[in-house]
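Participant: Sharing a model that was predicted from the sequence below.
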Amino acid sequence: MKILTLISGGDVGGAKTHVLGLLKALGSHITVKLVCFMEADFTDAAREMGIDITILPSRDLRAVLKELRTMIREEGFDLIHSHGSRGNFMAWLLKRSSGLPLISTVHSDWKLDYMGRPLAAMTFGKLNLMALRHMDYLIGVSDSMSTLLIQRRMAQPDRVYTIYNGVDFDRPRQAVSRGEFLRAHGVPDEPGTVYMGIAARLNPVKDIETLVRGFAAAREQTPDIRLLIAGDGPEEERLKDLARSLGVGDRVHFLGWITDTDSFYHALDINTLTSLSETFPYALTEGAIWGKATVASRVGGVPRLIDHGVSGLLFTAGDWETLGKELAEMAADPALRARSAEKLQEKTRREFSLEATVQTQLSIYDSVCRRWKRKEGRQSAVTVCGAYGRGNVGDEAILEAILREIREADPDVTIYAVSRDPKATRIAHRVRAVHTFDLLSFWRLAGRTKLLLNGGGSLIQDVTSRRSLWFYLYTLAAAKRRGAGVVMYGCGIGPVQYPGDRKLSARIINRNADVITLREDHSREELLRMGVKGPEILLAADPSLTLDGPGEDRTESALLTAGLDPKGDYLCFALRPWTGFEEKAEAFARAAETLSREMGLTPVFLPIDQSRDPAAAELVAKKLGIPYHVLPGASDRESVTAILSRMKAVVSMRLHGLIFAAGQGVPLVGVVYDPKVRAFLRYIGQDRYVDLEDVTAEGLCAMVRSALAESDGESQAQAVARLRELDRVNREVLRRYLGE
């Protein structure tokens, strides 16, 4: 593979480090040629690193383009990879003549790149924006940057990749002693003083003002601290005035531009970052290499690196009061600094090494080349239709699992999802999306669809909505009429209570479904009772059972972020509004109080559906006379799974509350509002459940006591493992339609 890389040549900071480090490392795997359009420190560094570089000064644009076209024609590149506004602009101009796929790595928010420079924003910024819109593929340096690209509709979500800046742990590092570094910059070297610092440009987007204010607040609690600011820029004098006005002018030290960053990080006790916007800053990973405790704003890819409360502390950008508390906490606790620094260094080495970044970049190149050669035919897409985009973590977990299984069968196939919130689905799952109930859009999409997956959950039911049942039946018929294969995938069936709906469902399923895979045997019985005999019916499992839980650090961080003590003893309630629930709220509250007194279990109310469940939680919680936690609805499946994994027991009406907890081996008690809850618990050999109408405080307490005393975690884990193995049926059906 041969790659042509275009970049201005005047780049500094993170973009410079990323591009040069990556190009040098890629050179041992593929052929890479770097073209720059000016001489600067960047080009000197590239030569020193042995990178194949050509300089084409851009004074005569036509001459430069002619040379580039000749180079492309004679050297046989596979793709053009650009970085930055000038590189992107040049790539855009080469698009038609080269016939090659264009891919650009976006290192920062282009709307913020020219803050305070309106003329540059109107020229370079606009040209860069137009060039980016003509790229075939984009790479965001962090998930947050990729999300931004999708939000702004810069490319289809499946044409946006993510990469993280990798740190070269093998690079030789040398640093002078702390004392020598401090004395060289006029900073007192005081035993017992905690030195905190930041390496950043002094411009508005780095928000050093928040750092100065936070430092001043921290010093009120921990006086023996000093702040080192390494960098220069237009904000310097204003920041010095601010420090003096806050009474910390003699404790805040502006060091200017530092080239010896190794010695700077070596001198610190606490590394900080206060940016309003970031992708994935080297300032944090470089500090991690030196084993520095870290406090940073929760922006860009920072939360991907730092697990709050475990490998560092995070705060909302601009919140100097919280920053001050966290700086004081870190400064006052050497054990916390050492523990979090060690965790951060371990994670950086494990997940964000340069080699990991190289492998990601190579996989992106492979994917782009495969997809570029693969022409999308009239019917080439997979469409997944389900109850998505409604804020229900369980349904989103189903979609997450189905998408993973589709990509295992065919990593390059185009995927569409039908969603109530297409924008949220595009961002969360990196797929194309159309709106649920937009019948015309679905009809058009069906004409491009190779395979329709009526995807997971209980879609064929008329209890919550007859209209939704009719819509899902329409999708089966429309897809089949337009020539697509139709699979009802890992789903549950019923209840379908209206006789007319039962007849309609049976007729449409018999005529249009090719295969039905079910998540439990009760659904098979319901299909047979309805008269469904035409399609192939296979017993499988709920796809979301195959999703793994988060690691130990992410779990602890999720608990701390939710305000829970990772070592606490909790009883979780996953409740939902339903007919008759209000009359039973008192019984749930009395059971929670009894178990709290008897067993020391603090009740935790965890919404699975963010739009509906909080009302049920609050209804019960306000009846309690004991401490409790009502958690905000977690937007991601990993956080929900993490919290459930640390509960002593779970009482759940929500099916996916039971599924996630079962997968973590947590003792379960089910409250049946829908037959699917009972069916799942029976499917895993669990008999601790009660119908909602029969709920009593005494009965709930008895079942929780029994679950805690008798639950065999190993037996439950084995039952879940058997269900995960049954999911192979789903995967085999996918391979049948999409190929090996």
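Facilitator: That came in fine, so what should we check first? Numbers count the residues shown, from 1 in each chain.
Participant: Which stretches in the stretch 1-150 of the chain count as strands?
Facilitator: 2-6, 31-36, 53-55, 79-83, 102-106, 137-141 (DSSP state E, counting those that start in this stretch).
Participant: can you put those strands in CSV and add distance to C572 and mean neighbour count?
Facilitator: Any C-beta I mention is one placed from the backbone N, CA and C, and that applies to glycine too. CSV is the format used below for these (distance: least, C-beta to C-beta, whole Å; neighbours: other C-beta atoms under 10 Å):
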stretch, distance to C572, mean neighbour count
strand 2-6, 50, 21
strand 31-36, 52, 20
strand 53-55, 58, 17
strand 79-83, 47, 25
strand 102-106, 40, 24
strand 137-141, 35, 23
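Participant: how about these, which one is nearest K676?
Facilitator: Proximity to K676, assessed across the strands of the stretch 1-150 of the chain by C-beta to C-beta, is greatest for strand 137-141 (38.1 Å).
Participant: hmm, who's touching that closest one?
Facilitator: Here strand 137-141 makes contact (C-beta atoms under 8 Å, 6 or more residues apart in numbering) with 14, 18, 101-107, 132, 146-149, 154-155, 159-165, 279-280, 301, 364, 368.
Participant: which residues does P411 contact?
Facilitator: With C-beta under 8 Å, 6+ apart, P411 has these contacts: S367.
Participant: And what about it, helix, strand or coil?
Facilitator: With DSSP: H, G, I helix; E, B strand; the rest coil as the basis, P411 sits in coil.
Participant: Roughly how far does it sit from L476?
Facilitator: 27 Å (C-beta to C-beta, to the nearest Å).
Participant: picking that back up, nearest to L601, of the strands of the stretch 1-150 of the chain?
Facilitator: Smallest distance to L601 across the strands of the stretch 1-150 of the chain (C-beta to C-beta): 42.8 Å, for strand 137-141.
Participant: Pull up the pairing partners for that closest one, direction included.
Facilitator: Strand 137-141 sits in its sheet next to strand 102-106 (parallel), strand 160-163 (parallel), going by DSSP bridges.
Participant: could you dump those strands to CSV with mean pLDDT?
Facilitator: Below are the strands paired with strand 137-141 laid out as CSV (pLDDT from 0 to 100):
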stretch, mean pLDDT
strand 102-106, 96
strand 160-163, 96
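Participant: of all those strands, which lies closest to T383?
Facilitator: strand 160-163 (19.8 Å).
Participant: what distance separates that closest one from the middle of the whole chain?
Facilitator: Centre-to-centre, strand 160-163 and its host chain are 12 Å apart (C-alpha atoms, centre = their mean, to the nearest Å).
Participant: Could you list the alpha-carbon positions for it in CSV?
Facilitator: Below are the C-alpha coordinates for strand 160-163, written out as CSV (Å, rounded to 0.1, in the frame of the first residue of the first chain):
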residue,chain,number,x,y,z
VAL,A,160,-16.2,8.8,9.7
TYR,A,161,-13.4,6.9,11.5
THR,A,162,-11.8,7.5,14.9
ILE,A,163,-8.2,7.4,15.9
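Participant: before we move on, back to that, can you add distance to D260 and give the strands of the stretch 1-150 of the chain back as CSV?
Facilitator: Formatted as CSV, the strands of the stretch 1-150 of the chain follow (distance: least, C-beta to C-beta, whole Å):
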stretch, distance to D260
strand 2-6, 29
strand 31-36, 26
strand 53-55, 26
strand 79-83, 26
strand 102-106, 28
strand 137-141, 25
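Participant: Can you say which of the ones you listed is nearest to E355?
Facilitator: With C-beta to C-beta, the closest approach to E355 among the strands of the stretch 1-150 of the chain belongs to strand 31-36: 16.2 Å.
Participant: That closest one vs strand 2-6, what angle?
Facilitator: 20 degrees (axes from the mean of the first three to the mean of the last three C-alpha atoms, to 10 degrees).
Participant: now what about strand 31-36, what contacts it?
Facilitator: 1-9, 23, 26, 42-43, 46, 51-56, 68, 71, 75, 77.
Participant: make it 6 Å
Facilitator: 2-7, 9, 23, 26, 43, 51-55 (C-beta atoms under 6 Å, 6 or more residues apart in numbering).
Participant: Equivalent analysis for stretch 565-580, please.
Facilitator: Contact partners of stretch 565-580, identified using C-beta under 6 Å, 6+ apart, comprise 556, 559, 595, 600-606, 608, 612-613, 615-616, 647-654, 657, 673, 692-693.
Participant: Could I get the average pLDDT for it?
Facilitator: Stretch 565-580 comes out with an average pLDDT of 96.
Participant: How about stretch 536-551?
Facilitator: Mean pLDDT, stretch 536-551: 90.
Participant: Great, nothing more from me.
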